[in-house]
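J.: build me a structure from this.
(2 chains)
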Number of protein chains: 2
Amino acid sequence: MTVTADQIKLLREKTNAGFMDCKKVLIETGGNIDKAIAELRKKGVAVAAKRAGKAAKEGIVESYIHLGGKIGVLLEVNCETDFVAKNEQFQQFVKDVAMQIAAAHPQFLEPGQVPSELIEKEKEIIAAQAGDKPANVIEKMIAGKINKFYSEVCLLEQPFVKDDKIKIKDYLNSIIAKIGENIKIRRFVRYQLGEDL
Amino acid sequence: MTVTADQIKLLREKTNAGFMDCKKVLIETGGNIDKAIAELRKKGVAVAAKRAGKAAKEGIVESYIHLGGKIGVLLEVNCETDFVAKNEQFQQFVKDVAMQIAAAHPQFLEPGQVPSELIEKEKEIIAAQAGDKPANVIEKMIAGKINKFYSEVCLLEQPFVKDDKIKIKDYLNSIIAKIGENIKIRRFVRYQLGEDL
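T.: Predicted coordinates for the structure are as follows:
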């Protein structure tokens, strides 16, 4: 099985994975891009799970100012070593996430941080819209809409603005897999000029 | 009464006021630098009071990253018009305040924002240190130490790191006086890499 440079390029664009990783997984999957993406995701998630217990106290505090001072973002991303904090791919990831926050306005890092009152309120709205549909249908609607809600308000669940085929958590996992250190988006804040507080 | 260029330069350094304002007030005060500073302060405070009711919804969101990503600051400063938001002195003020926050680590904007529990705790510590001194002495000690506490934790009460003879609020008032618009430090946040939350 030979793999073309174009296939590798496409896979790299879609996953942010390294050249050799992409080549290898394309050979394994017989050149099937979708399967290759799934394999790389799995690999990223596996590495991420393995590193999750490691202390991540190093990293970068990064800012991003948009529209000449109308929007500002402050972000802390942690890794395990100062060496990785200076890694170009890590730094590019941090920059991308800062830009993501400016553009896509997430309010929480992940679903676990969304206050339960907010979820209850969303559920009520959905149930009211569903009217007198059967309970199991309403339940499915709620599950779907809550996931959609998470993908709007939670940074890790948002589609990456530079490539909406992956979520930020996929991008994070691909970086963890590539670098081989635990990496955490620790906290962020976004100011919009003159917004109501 | 003639005023020397050196006197004007010194006064400008101490107050951030404009050349003509400094010259005028030095002539009025017979070249007395201390009186001149007091006059400029009063003038600044007077203009600030006059502008205080005006809506300040324009401005800048500014960031400052220190030590290559170990400390980060995000800051919103409001003014009344987009025109002033583009003013060089206004922008320099915003930059200076962002740097101040990075360097001097304020936790609140002004004394009114310090939680009363924190003040009570400080008072208890001071009273305990004072031992069996008379009540009026303890009261004076408390007043003095609370002011010192404010000058450490409140941005507006902190000595300006680039010129510790003035406080940030003096600098703010001098900018308001010079520009003639209501200017407000609206909010700020400071991240230090790996700090306990």
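
J.: make it CA atoms for all contacts and neighbour counts henceforth
T.: Fine.

J.: within range of chain B, give me the residues from chain A.
T.: Neighbours of chain B within chain A, by C-alpha under 8 Å from any C-alpha of the partner chain: A:57-65, A:68-74, A:76, A:78, A:191-194.

J.: mind checking which of these are buried?
T.: With burial judged by 16 or more other C-alpha atoms under 10 Å in any protein chain shown, the buried subset of the residues of chain A next to chain B is A:57-65, A:69-74, A:76, A:78, A:191-194.

J.: for chain A, where's the lowest mean pLDDT among helices and strands?
T.: helix A:33-51 (a mean of 77; mean pLDDT, DSSP states H and E).

J.: what helices or strands is it leaning on?
T.: Counting contacts by 3 or more C-alpha pairs under 8 Å, 6 or more residues apart in numbering or on different chains; DSSP states H and E, helix A:33-51 packs against helix A:5-15, helix A:19-28, helix A:168-179.

J.: out of the ones you listed, deepest packed?
T.: For these, the largest average neighbour count (mean count of other C-alpha atoms under 10 Å in any protein chain shown) is found in helix A:168-179, namely a mean of 23.

J.: now the element after that one, going C-ward?
T.: Once helix A:168-179 ends, the next helix or strand along the chain (criterion: DSSP states H and E) is strand A:184-192.

J.: what angle separates that next one from helix A:168-179?
T.: With axes from the mean of the first three to the mean of the last three C-alpha atoms, to 10 degrees as the basis, strand A:184-192 and helix A:168-179 are set at 140 degrees to each other.

J.: each with direction, which strands does strand A:184-192 pair with?
T.: Within its sheet, and counting by DSSP bridges, strand A:184-192 is paired with strand A:71-79 (antiparallel).

J.: now the partner strand: average pLDDT?
T.: Strand A:71-79 comes out with an average pLDDT of 97.

J.: that strand: how far from the chain's middle?
T.: The chain centroid and the centroid of strand A:71-79 are separated by 14 Å, computed with C-alpha atoms, centre = their mean, to the nearest Å.

J.: and the helices and strands packed on helix A:33-51 as CSV, adding distance to B:V161 and mean pLDDT?
T.: Shown next, in CSV, are the helices and strands packed on helix A:33-51 (distance: least, C-alpha to C-alpha, whole Å; pLDDT from 0 to 100):
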stretch, distance to B:V161, mean pLDDT
helix A:5-15, 46, 83
helix A:19-28, 49, 86
helix A:168-179, 38, 92
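
J.: so which of those helices gets nearest A:V97?
T.: helix A:168-179 (7.8 Å; C-alpha to C-alpha).

J.: now the closest one and helix A:33-51, what's the angle there?
T.: Helix A:168-179 runs at 70 degrees relative to helix A:33-51, counting by the same axes, to 10 degrees.

J.: for helix A:168-179, packing partners?
T.: Using 3+ C-alpha pairs under 8 Å, 6+ apart: helix A:168-179 touches helix A:33-51, helix A:88-104, strand A:159-160.

J.: could I get the helices and strands packed on helix A:33-51 as CSV with distance to B:G31?
T.: Compiled in CSV, the helices and strands packed on helix A:33-51 are given as follows (distance: least, C-alpha to C-alpha, whole Å):
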stretch, distance to B:G31
helix A:5-15, 69
helix A:19-28, 72
helix A:168-179, 63
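
J.: sec struct for the most far-flung residue of chain A relative to its centre, please.
T.: Most distant from the centre of chain A: A:D132, at 36.3 Å, with distances by C-alpha atoms, centre = their mean. A:D132 carries the three-state label coil when classified by DSSP: H, G, I helix; E, B strand; the rest coil.

J.: find me the pLDDT at it, would you?
T.: As predicted, A:D132 sits at a pLDDT of 83.
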